[in-house]
Every structure is written in C-alpha cells, then in structure tokens.
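A.B. asks: Sequence and predicted model, in that order:
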Amino acid sequence: MKRHNVFVCVMMFLIVMYSSIFADTAIDNEIALEYGLELTIEENDEPAVAGEFITNTLVSSIDEYEIFQQYDLNQRKLTLREWINSLDIELEPEKEEVMAVVTEQPAADTKYAYLTFDDGPSDNTVMILDCLQEYGVKATFFVLEVPGREDVYKRIVDEGHAIALHSSTHEYSEIYLTVDSYLDDIANLADVILEHTGVTTSLLRFPGGSNNTISHRYGGTDIMDRIIEATNAAGYVYFDWNVDSLDASKVTQDKDVIVNAVLDQSSVLKQPVILMHDSKYKTTTPEALPEIIEGLTQLGFSFEKLTPTTPVVQFNLNK
Ligand SMILES: [Zn+2]
C-alpha cells in the first residue's frame, strides 16, 4: 500500500473515531469532505475505546480531552483541524501533495458576530426567531418578565439561542435603588426563566448598560459600581455592547439606518456584540435582520450566541 493511502486510512480512522463519540453526523461528514475523505459513520462504536484512542493520538491528557468534549461544534471543528494539521506523520514521497490537501483548509481564525436582543419577549419576537431560523443563526436574548409570553422563552431555548437576564421590571426607579433591589429583580427573573425553560443562566445585561447614569438618581453615583461588584461576586457575567444598532434612538428607527449602523460599526471589529431591541415599537429591527445577517456574512463573520466563557465586552474595560 502506498504511504499516501496509509495516510488517508489513518485520517479516516481518526475522523470515524471522533465522529463515533460525538455522533453529529452532518458536521463530521462536513469536516471529512473538507479533507477530501468520504466517511461512513458507525454510530454505535464503543465511546470508551474511541475516547482512549483520541486521548492517545490527538491530545496529551484526559483533561485536554474532557475540555474538548465541552466545546461547541464550531470550536470542535477548529480544534480537530488543528490537531490533524499538527500530526507528525511521515509521508514520502507524496508528502507535499498530501499535506497540501490538509493545509488548504480555511484558517482557524473565524470571526464571530453576536446578535443580541434586549427587552423581549414582544410582538416581534416570533418574527426575529423565524428569521434566525431561516438563516440558521444563533443569537442572545436579554429578556424581561412578561407574564403571558412564557412560551416564547421556551422557543428561544428550544431553538438553540441563549436566554439571558435583563430585568424583571426594567423600572430604573425600582431596580437601581439599592444593590439588593437589583439582585432581587434578577433573581426573580432567573426563577421565572428556570420555571419555564429548565435553564439557569448567569448571563446578564444591565438596563441602560453598565455605565448608565440614570441609576445615579435613585441609588447614588456609585450604585453601578456597587451592583457590578455584587453581581460579579454572585457569579453573574455581564455583557455591554460595542455595536449600537441605533434602533433605540427613535421610537421606530428607519430600517436602513439600523442596517448601516450595524454593518459600519462591525466592519472594524473582530468580535462585534450588537445591541438591538425586541419590543413593541421596534418593528424595523426584525425587518432589518435579513440584511444585517447577509451583510455581516459578507464581511466574513460567523454567528454565535454569548456564553459565560465568551470574551466579555464591558464598557468599564475601556475606562
Ligand atoms: Zn432594556
């Protein structure tokens, strides 16, 4: 057997082993095809055997393997590519030809854009969710407590988006009075979300952002500093934004203003976290969404939802 063929067999074996653990056949077939390999996945391979094989061959420790298991699919794909590219397999004389196949993969420097929607659920949430579904894009919803619309929380979660804490009441005069009034407000919201979705979330966005000054009227000039300290200590992770869609600058903003604001600001960023609103009068936000998704895609972005391990975007980091 030519060494070239040996190499291809090794690669197929690695990918089959990887696939048998994670059993996401669509993604794994996609990876295999990128490597020019055809793949038949055995769904019921022994996970322990496959895991041991990966541990011995691709990663140096059980810890590394366990971390890999927790990655989302995009990270797994990137990591798997890196591992395969780093395999030191001797290939002669076909080495150059075969390695060319392996290294022609897209660079592992995917840029992610994070679409975020504050203040829902509203009359517009269904339209937003339908659009995201059509494009296969995940987003993050910083929600309020809206009695009667709890089914929307469930749909957000069921369709793979991130549900996150914004406020129960969004009443600045109540939530920003004291640290405890803020903590009570989000604890109540977290309970409501848990009850209706089974999900506990530690992701947070402060009404008005972490640098808002409206809160000073109610809780004093240091209220946000004290609230931030308390939420950090309680294990919450808060996100501000670095792209403002301007959909809150008017009651109902022009659609084109929203599209241009998002694309212009995102074009110079590596990790745009985009502020948009999901509320009754923001009808042009869902209308702008298809052009935003298509435009960001053209700018080279993929889409992700926020997680507690996403690098944070916080105003105070830039102080
Ligand atoms: Zn808000």
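C.D. replies: Perfect, thanks for sending it. Numbering: from 1, shown residues only.
A.B. asks: Whichever residue of the stretch 151-300 of the chain sits closest to the ion in helix, strand or coil?
C.D. replies: At 4.6 Å from the ion, residue 207 is the closest residue in the stretch 151-300 of the chain, using Cβ to the ion. Using the backbone N, CA and C atoms, a C-beta is placed for each residue, glycine as well. Following DSSP: H, G, I helix; E, B strand; the rest coil, we place residue 207 in the coil state.
A.B. asks: check contacts around it.
C.D. replies: Contacts for residue 207 (Cβ atoms under 8 Å, 6 or more residues apart in numbering) come out as 166-167, 170, 172, 175.
A.B. asks: and it, what pLDDT?
C.D. replies: We have a pLDDT of 97 for residue 207.
A.B. asks: ok, now how distant is it from residue 173?
C.D. replies: 11 Å (Cβ to Cβ, to the nearest Å).
A.B. asks: do residue 286 as well
C.D. replies: In terms of Cβ to Cβ, residue 286 sits 30 Å off from residue 173.
A.B. asks: If you count surrounding residues, which of those two has more?
C.D. replies: Shown here are residue 286 and residue 173; by other Cβ atoms under 10 Å, residue 286 has more neighbours (22 against 13).
A.B. asks: among the contacts of residue 207, which two are most distant?
C.D. replies: Farthest-apart pair in the contacts of residue 207 is 166 and 172; separation 12.5 Å (Cβ to Cβ).
A.B. asks: So which of these two has more stuff around it?
C.D. replies: For the pair residue 166 and residue 172, the greater number of neighbours falls to residue 166 (23 against 17), based on other Cβ under 10 Å.
A.B. asks: measure that one to residue 295 for me?
C.D. replies: Per Cβ to Cβ, residue 166 is found 26 Å from residue 295.
A.B. asks: And residue 301, by the same measure?
C.D. replies: Distance, residue 301 to residue 295, by Cβ to Cβ: 9 Å.
A.B. asks: out of those two, which sits in the busier spot?
C.D. replies: residue 301 (21 against 18).
A.B. asks: give me phi/psi at the more buried one?
C.D. replies: phi -90, psi 140 (degrees, to the nearest 10).
A.B. asks: beta partners for the residue lying closest to it once chain neighbours are set aside?
C.D. replies: Leaving aside its sequence neighbours, residue 301 sits nearest to residue 113 (Cβ to Cβ, 6 or more residues apart in numbering; 4.0 Å). In this entry, residue 113 is beta-bridged to residue 303, by DSSP bridges.
A.B. asks: My understanding was that residue 113 contacts residue 267; is that so?
C.D. replies: No: applying Cβ atoms under 8 Å as the test, residue 113 and residue 267 come out as separate, 10.7 Å apart.
A.B. asks: Up against the ion, what does the stretch 151-300 of the chain have?
C.D. replies: Residues of the stretch 151-300 of the chain lying near the ion by Cβ under 5 Å from the ion: residue 207.
A.B. asks: Please settle this for me: is residue 180 part of a strand?
C.D. replies: No: Residue 180 is assigned helix when assessed by three-state DSSP, not a strand.
A.B. asks: Show me the shaky parts of this structure.
C.D. replies: Residue ranges of the chain with pLDDT under 70: 1-4, 6-108, 318-319.
A.B. asks: Assign a three-state SS to residue 275, would you?
C.D. replies: Three-state call for residue 275 (three-state DSSP): strand.
A.B. asks: Contacts only, for the nearest residue to it once chain neighbours are set aside.
C.D. replies: Ranked by Cβ to Cβ, 6+ apart and with sequence neighbours excluded, the top spatial neighbour of residue 275 is residue 241, at 3.9 Å. By Cβ under 8 Å, 6+ apart, residue 241 lies in contact with 116, 209, 273-275, 313.
A.B. asks: run the last query once more with 10 Å
C.D. replies: Each residue near residue 241 by Cβ atoms under 10 Å, 6 or more residues apart in numbering is listed here: 114, 116, 118, 205, 209, 265, 272-276, 313-315.
A.B. asks: Over to residue 213?
C.D. replies: With Cβ under 10 Å, 6+ apart, residue 213 has these contacts: 221, 223-224.
A.B. asks: And what about it, helix, strand or coil?
C.D. replies: With three-state DSSP as the basis, residue 213 sits in coil.
A.B. asks: is it fair to say residue 192 lies in a strand?
C.D. replies: No: judged by three-state DSSP, residue 192 forms no part of a strand; its state is helix.
A.B. asks: and it, how far is that from residue 149?
C.D. replies: 11 Å.
A.B. asks: shared neighbours of those two, anything?
C.D. replies: residue 143.
A.B. asks: overlap in contacts of residue 207 and residue 173?
C.D. replies: In contact with both residue 207 and residue 173: 214-215, using Cβ under 10 Å, 6+ apart.
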